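Undergrad: Next come a sequence and a model predicted from it.
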Number of protein chains: 2
Amino acid sequence: MLTRDQVLHAAVRRLNSDPTTSMADLAAAIGISRATLNRHFASRDALLREIGERSLDHWDRSQRESGMAEAAESGDPEAIRDCLRELTRWFVENAEEFAYALANNRLEAMPELVERADVLADREVEFYAAAQRAGVLRSDVPARWIEHTIYGLMIAAREGLRRGDVARRDLEGLVLSTFLTGTGATPTASERQTR
Amino acid sequence: MLTRDQVLHAAVRRLNSDPTTSMADLAAAIGISRATLNRHFASRDALLREIGERSLDHWDRSQRESGMAEAAESGDPEAIRDCLRELTRWFVENAEEFAYALANNRLEAMPELVERADVLADREVEFYAAAQRAGVLRSDVPARWIEHTIYGLMIAAREGLRRGDVARRDLEGLVLSTFLTGTGATPTASERQTR
C-alpha cells in the first residue's frame, strides 16, 4: 500500500507531464482506486493545496538550512557565495518534484499560499541585496529582478528536464553558471565559471 | 463597441492578473455582457486557444522579421548579435501581452498548439547553435538549454512586470544583459554589457 507521501509524489510527477490530469486519471496513473486517492485528498483543490504547501515548506527549509540569514548578516562574500551555491543546489534538486506548484495558476488563487510565498520571496530578496552589497552579485539591477531571474531559471530547469533536453547530472552546473555568468561567450567565461 | 481584438487584449490582461477568471468575470472586467463575450468566443477554451494561436503567430513573425534564419546561415557574429538583440526586444515587448499563453497549463493540452510551438522552438535552437559556432554564445552548454533560459527569462520578465518590481523601460536591458552576462558581479561586467 502506498503511503500518503508516495501518493503525493506520484501525483506531482503525473501533473508535471500533464497538468490537466483529472482525479480519476491521476488515480489510474498512480495505480490506486479513485476511492483510495479520495481518502488521501478529498478534492483536486485539496491535493493542489498540499503540493503548494509542501513546496513552500521546502523553500522555507532551504533558506534556513543554507544559513541564508546568517550569510546576509555577515556580509562575507565567501559565506554569501557558498550560500548561493547551496540555494541553487536546492532549487535544482526540487525543480522537478515541486515544479508543478511553481507554474500552477490554480495556486495563485489560494491567497494564504500567495501570502506565505511573498514572505519567503521578501527574505530571499534581502539576501540578494546583501550579496549585491558584498560585491558577489551585480548591483546595477534591482535585487527583486535577481529573484525573478532565479525563478525563471527554475522554470527553465523544469522544462529542460521535462522535455529531456538536459541531463539531471548537468543541471546544477548549468543553472549556477547561467545565473552568475549568463550565456554569452567571452574570453573569461571559463575562468569565471570556476570561481 | 469593442472590436474582437480589443476584447482579446482586455481578456489577456485580466487573465494575467487572475488566471482563473471565469467567462462571466471576464465579461464583467472587460465591461461587456456575457452574451457579447460569447459571440466573440464560444467558450473559455476557444478564447484560450486563440490567445495561444496569436502568441505563436507573433513568435513566428519575430523569427522572420528579425532575420533569424539568414543570420544563422551567414555565421556572421555581428549579424547574429543584432538578431539576438532584436529577438530579445520582441520577447520583452510581448512578455506581458502574451505571457498568459506561456505559462498556461491548459494550452499544453492542445496538441496542435504544442506541435507548432515545437517547430518554432526547434528553429530557434538552430539559431542558438549557430550563435555558439560563431562565438557569440558560450558553447559549453546545450543549445536547447539556451532556449530554456530565454523562456525562463520571459517568465521572469512577466513576473517582474506583473508584480511591479521592474520598470517596463528597464526590462529590455535587464533581460538582455542577464541573458548574456548573468547576475554575478565581475570586474569586467560593465564592459561586457556594453558589447
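TA: Perfect, thanks for sending it. Quantities reported herein were computed from a predicted structural model and do not represent experimental measurements. Numbering: from 1, shown residues only, chains lettered A, B, ... in the order given.
Undergrad: what about the helix or strand hosting A:Arg14 and chain B, touching?
TA: Remark: A:Arg14 resides in helix A:4-17, with elements defined by DSSP states H and E. No: using CB under 8 Å from any CB of the partner chain, helix A:4-17 stays clear of chain B, with a minimum separation of 8.8 Å. Where C-beta positions appear, they are placed from N, C-alpha and C, glycine not excepted.
Undergrad: tell me what that helix is packed against?
TA: If contacts are counted by 3 or more CB pairs under 8 Å, 6 or more residues apart in numbering or on different chains; DSSP states H and E, helix A:4-17 sits against helix A:23-30, helix A:34-40, helix A:44-65, helix A:99-103, helix A:143-162.
Undergrad: Please convert those helices to JSON lines, extending it with distance to chain B and mean neighbour count.
TA: Shown next, in JSON lines, are those (distance: least, CB to the nearest CB, whole Å; neighbours: other CB atoms under 10 Å in any protein chain shown):
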{"stretch": "helix A:23-30", "distance to chain B": "12", "mean neighbour count": "16"}
{"stretch": "helix A:34-40", "distance to chain B": "20", "mean neighbour count": "15"}
{"stretch": "helix A:44-65", "distance to chain B": "11", "mean neighbour count": "17"}
{"stretch": "helix A:99-103", "distance to chain B": "6", "mean neighbour count": "22"}
{"stretch": "helix A:143-162", "distance to chain B": "3", "mean neighbour count": "23"}
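Undergrad: could you redo those helices as CSV and give each row mean pLDDT and distance to B:Gly67?
TA: What follows is the helices and strands packed on helix A:4-17, written out as CSV (pLDDT from 0 to 100; distance: least, CB to CB, whole Å):
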stretch, mean pLDDT, distance to B:Gly67
helix A:23-30, 92, 44
helix A:34-40, 93, 52
helix A:44-65, 89, 42
helix A:99-103, 60, 32
helix A:143-162, 90, 26
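Undergrad: From B:Ile150, how far out is the closest residue to A:Leu47 other than its chain neighbours?
TA: Nearest non-adjacent residue to A:Leu47, counting by CB to CB, 6 or more residues apart in numbering or on different chains: A:Phe41, 4.0 Å away. As for A:Phe41, its distance to B:Ile150 is 36 Å (criterion: CB to CB, to the nearest Å).
Undergrad: Count residues in the vicinity of A:Asp76, would you?
TA: Neighbourhood size, A:Asp76 [other CB atoms under 10 Å in any protein chain shown]: 16.
Undergrad: so it makes contact with A:Arg133?
TA: No: counting by CB atoms under 8 Å, A:Arg133 is not a contact partner of A:Asp76; they are 11.3 Å apart.
Undergrad: Against A:Gln6, how distant is A:Met154?
TA: Counting by CB to CB, the gap from A:Met154 to A:Gln6 is 24 Å.
Undergrad: Same check on A:Asp82?
TA: The value you get for A:Asp82 to A:Gln6, if CB to CB is used, is 34 Å.
Undergrad: mind giving me JSON lines with the helices and strands packed on helix A:4-17 and columns for distance to B:Val119?
TA: Listed next are the helices and strands packed on helix A:4-17 as JSON lines, based on distance: least, CB to CB, whole Å:
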{"stretch": "helix A:23-30", "distance to B:Val119": "28"}
{"stretch": "helix A:34-40", "distance to B:Val119": "37"}
{"stretch": "helix A:44-65", "distance to B:Val119": "32"}
{"stretch": "helix A:99-103", "distance to B:Val119": "22"}
{"stretch": "helix A:143-162", "distance to B:Val119": "17"}
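Undergrad: Domain map for chain A?
TA: Following automatic domain parsing, chain A resolves into domains at A:1-42, A:49-193.
Undergrad: Select, out of those domains, the one closest to B:Ala109.
TA: Nearest to B:Ala109, of all the domains of chain A, is domain A:1-42, at 4.6 Å by CB to CB.
Undergrad: my guess is A:Thr181 meets B:Ala185, correct?
TA: No: A:Thr181 lies out of contact with B:Ala185 (CB under 8 Å); the separation is 10.8 Å.
Undergrad: Between the two, tell me which one has more neighbours.
TA: Using other CB under 10 Å as the criterion, A:Thr181 and B:Ala185 rank with A:Thr181 on top: 25 against 18.
Undergrad: With adjacent residues omitted, what lies nearest to that one?
TA: Sequence neighbours aside, B:Gly182 is the residue nearest to A:Thr181 in space, at 4.3 Å (criterion: CB to CB, 6+ apart).
Undergrad: in a helix, that's where A:Thr186 is, yeah?
TA: No: secondary structure of A:Thr186 (DSSP: H, G, I helix; E, B strand; the rest coil): coil, not part of a helix.
Undergrad: quick one: pLDDT of it?
TA: Looking at A:Thr186, its pLDDT is 73.
Undergrad: May I have the phi/psi pair for A:Thr183?
TA: The phi and psi values for A:Thr183, taken as degrees, to the nearest 10, are phi -110, psi 0.
Undergrad: residue contacts, it?
TA: Listed by CB atoms under 8 Å, 6 or more residues apart in numbering or on different chains, the contact set of A:Thr183 reads B:137-138, B:141, B:146, B:149, B:179-180.
Undergrad: Need the residues you listed in TSV (columns: secondary structure).
TA: As requested, those are exported to TSV (three-state DSSP):
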residue	secondary structure
B:Leu137	strand
B:Arg138	coil
B:Val141	coil
B:Ile146	helix
B:Thr149	helix
B:Phe179	helix
B:Leu180	helix
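Undergrad: Filtering those by proximity to chain A, which remain?
TA: The overlap between those and the neighbours of chain A (CB under 8 Å from any CB) comes to B:137-138, B:141, B:146, B:149, B:179-180.
Undergrad: top of those residues by neighbour count?
TA: Neighbour max across those (other CB under 10 Å) = B:Thr149, 28 neighbours.
Undergrad: I'd say it and B:Phe179 touch.
TA: Yes: counting by CB under 8 Å, B:Thr149 touches B:Phe179, with 6.7 Å between them.
Undergrad: For stretch A:38-46, what is the distance to the chain centroid?
TA: 24 Å (CA atoms, centre = their mean, to the nearest Å).
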